[in-house]
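Engineer: give me a model of this one.
(chains A and B)
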Amino acid sequence: MNEQMLRAREIITGYKGRPVRIMEVCGTHTHEIFRLGIRKLVPENVDIISGPGCPVCVTAVGFIDEACWLALEKGCTITTFGDLIKVPGTEMSLAGARAKGAKVRPVYSPLDAVQLAKDDPDEQVVFLAVGFETTTPSACLAAKQAKEAGLKNFSLLTANKTMPNAYNALVGSADAFIYPGHVNAITGNGACKKLCEERGVSGVVAGFTASELMTALAVTLKLLGEGKPFFRNCYPRVVKDEGNPAAQKLMAEVMEPCDSEWRGLGLIPMSGMKLREEYAEYDARVKYGMPLITGKPNPACRCGDVLQGKCKPSDCKVFGKVCTPLHPVGACMVSDEGACSAYYQYSGLV
Amino acid sequence: MSDKTVTLAHGAGGKQTSELIDQVFKAHFSNPEFTADDAAVLPEIGGRLAMTTDGFIVSPWKFNGGNIGKLSICGTVNDLACMGAKPMYMTCAFVIEEGFPLDSLEEIAAAMEKTAAEAGVRIVAGDTKVAGKGQVDKVFITTTGIGQIQEGADTSGKYAKPGDAVIVTGDVGRHGCTILIARDDYGIGSDVDTDCAPLWGAVESMLGVTKDIHVIRDATRGGVGTVLYEIAEQSNVGVTLDQTAIPVDERVRGVCGMLGLEPLYLACEGRLVVVAPDDKAEAIVSELRKGKYTSNAAVIGHITAENAGRVILETEIGTQTILPQPKGELLPRIC
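Structural biologist: Predicted structure coming up:
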């Protein structure tokens, strides 16, 4: 351990203030906090909770139903980040749709989906665009490339989300937030600063190495002890106040804000992104005249409460019994970055 | 024969089959036991024998640092070596897809010859079948091997004891990472190369230090993490690893970071997990470090009586966390 880590460790383990709840809102943070065993380091009066930071986890059930409709009713080839394939919809997951003959292909980047459409003009390729400000620019780039190439067999089914308005919905869930470094690297720090100044919401931006995460946590605990609302950028080597203007410009050119449904949080006004009018022919909902599809989550699953920090995964009745990474009931058990999956995989230490 | 390909006639048992065998296989596998008769006749071998068989269907058949031929020798040689057995004789059976280039088959046979020679093993019998286009993917190989167990060697996954040291013979996860890059499914470029290597030499050198080695396992499919969970279960013990001591190539770490993969769960094809008494560990590791394929050998942890059946990681921040249970091979057709 380097000196900075040792000092951070000292501050974290020595925290003696009032009981506090600290919420991280990034799937990678969720995973790293478990991997590093940080929860075992913090004293009892510090509760670290996972918020809605995993893009797969916050994707609404209805979105999976929409994708299955495109695949089964319209014969589209669905391209998607792999994790989404196992997420349960109302009646089936995309894996279930595939078993019924749907064409579902995992890709690593939306640009791979564009390439697939170019390579195979007979296939109607739909990319499932999910994720936060970190992945949205690549979906925008895909739409732009498709338009420039005049592709007639490529479209996006969008469920992209933006973080700032979700923070508003989460105010009161925790004493401080650990903000996602990768998101802030794109958006900049304006929204987080505004939350601090206008609503007294505290938080720090954190990076992803052990040293960066420990430092962010130590800074949070130290400043919580001082009792005043705060914002700090603890990831300055990557996050600049103004963010990434090129990515912001690309997003603004191709997409615009819209209301969006979050699993567990419900409809949050202006918390999503959809394709602009000029890109309507690449919007799968428009292109295929999709009817209104609303999903019904499994009532036994408490992913919604987990995502708001209202309960721990282990408080859910189906956790670890009916719901496991091999047979997930809720989205939080699917992705490695989901809180339930992380709890499950790292549980059981005697 | 640069433009020539394997045809169904090559597998029909007639003149063309003989040509294929003569030109490709006999040219490379020549030794006194490799004859045109129906079976190889072997001289008497003393002592206890170990025998194993393994099928290879890796895709793509060629990757950075090796090909399916080299892999098919290393896989069987290393399985024998793990039992403390000196590899002696091997057989190989090919299933080749119609249209597979003869040049490529030649390349595979050359790699097999070279690797077998290095491992000191003789290929004494073989079989060639040709399947129609699309019935197999390019070429599948099955190898079978016999080895002579060295006097005093007695290893098994059941023999790990609390207090024993856990050693890996090199950096972890290279082969899996190499195949992942070779398939280009993720659009990531990296010059990472496979660790595929014959390891009898490494085992022989360890047995030269001490015969008191409890477990030797090659960490192929599922990687080092899966092997450790298997040892923990078979011996009913816990395993505690020092995360900072686990050797990982920087290129592998980079790819894993991007894709969210755990290097401990990526396949190796030239790495052994060794469990031996703690007081012998240092001598074993320093002997291994002299070896061609084992220069990064390291003690990465210990066997414990507590946490039976589990693998615990001591993290870089000084906490303990559990290594998540293996979820099965991350990629199909890795070997």
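Engineer: now chain B, which segments are flagged as low pLDDT?
Structural biologist: Flagging of chain B using pLDDT under 70 yields the residue ranges B:1-2, B:184-187, B:328-332.
Engineer: ranges for the helices of it?
Structural biologist: B:15-20, B:27-29, B:68-82, B:102-119, B:174-183, B:200-209, B:223-234, B:250-259, B:278-288 (DSSP state H).
Engineer: any idea which helix or strand carries whichever residue of the stretch 201-350 of chain A sits closest to chain B?
Structural biologist: Going by Cβ to the nearest Cβ, chain B is nearest to A:Q345 of the stretch 201-350 of chain A, at 3.6 Å. Quick note: C-beta positions are derived from backbone N, CA and C, even for glycine. Counting by DSSP states H and E, the element that carries A:Q345 is helix A:339-346.
Engineer: ok, A:E256 next?
Structural biologist: strand A:255-262.
Engineer: helices or strands up against that strand?
Structural biologist: helix A:136-148, strand A:160-161, strand A:266-275 (3 or more Cβ pairs under 8 Å, 6 or more residues apart in numbering or on different chains; DSSP states H and E).
Engineer: and it with helix A:136-148, angle?
Structural biologist: Inter-element angle recorded for strand A:255-262 and helix A:136-148: 130 degrees (by axes from the mean of the first three to the mean of the last three Cα atoms, to 10 degrees).
Engineer: and strand A:255-262, which residues are buried?
Structural biologist: A:M255, A:P257, A:S260, A:E261, A:W262 (16 or more other Cβ atoms under 10 Å in any protein chain shown).
Engineer: need those in CSV with pLDDT, can you?
Structural biologist: Formatted as CSV, the buried residues of strand A:255-262 follow (pLDDT from 0 to 100):
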residue, pLDDT
A:M255, 97
A:P257, 96
A:S260, 94
A:E261, 91
A:W262, 90
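Engineer: which of the residues you listed lies closest to B:E44?
Structural biologist: Lowest distance from B:E44 to the buried residues of strand A:255-262 (Cβ to Cβ) belongs to A:W262, with 73.9 Å.
Engineer: residue 110: neighbour count?
Structural biologist: Since you didn't name a chain, this refers to chain A. A count of neighbours around A:P110, defined by other Cβ atoms under 10 Å in any protein chain shown, yields 28.
Engineer: let's do chain B instead
Structural biologist: 16.
Engineer: from A:L221, how far out is it?
Structural biologist: 62 Å (Cβ to Cβ, to the nearest Å).
Engineer: ok so, going back, of the helices and strands packed on strand A:255-262, which stretch is the most buried?
Structural biologist: Mean neighbour count (mean count of other Cβ atoms under 10 Å in any protein chain shown) peaks for strand A:160-161 among the helices and strands packed on strand A:255-262, with a mean of 25.
Engineer: what's the distance between B:I188 and chain A?
Structural biologist: B:I188 sits 8 Å away from chain A, going by Cβ to the nearest Cβ, to the nearest Å.
Engineer: was I right about that residue contacting B:M258?
Structural biologist: Yes. Using Cβ atoms under 8 Å, B:I188 is in contact with B:M258, at 6.4 Å.
Engineer: more neighbours: these two, which one.
Structural biologist: Set B:I188 next to B:M258 and count neighbours by other Cβ under 10 Å: B:I188 wins out with 15 against 12.
Engineer: burial measure for B:E44, as a count.
Structural biologist: Residues within reach of B:E44, counting by other Cβ under 10 Å, total 4.
Engineer: need the phi and psi values for it.
Structural biologist: When read as degrees, to the nearest 10, the backbone of B:E44 gives phi -60, psi 140.
Engineer: just list the residues touching it, thanks.
Structural biologist: Applying Cβ atoms under 8 Å, 6 or more residues apart in numbering or on different chains, we find B:E44 in contact with no residue.
Engineer: please apply the same query to the one 4 residues further on.
Structural biologist: Neighbour list for B:R48: B:Q148, B:I149 [criterion: Cβ under 8 Å, 6+ apart].
Engineer: apply 10 Å and report the result again.
Structural biologist: Residues in contact with B:R48 (Cβ atoms under 10 Å, 6 or more residues apart in numbering or on different chains) are B:M83, B:G84, B:A85, B:G147, B:Q148, B:I149, B:Q150, B:E151, B:A153, B:D154.
Engineer: ok, now A:C301?
Structural biologist: Taking Cβ under 10 Å, 6+ apart, one finds A:61, A:88, A:263-264, A:316-319, A:322-323, A:328-333, A:340 in contact with A:C301.
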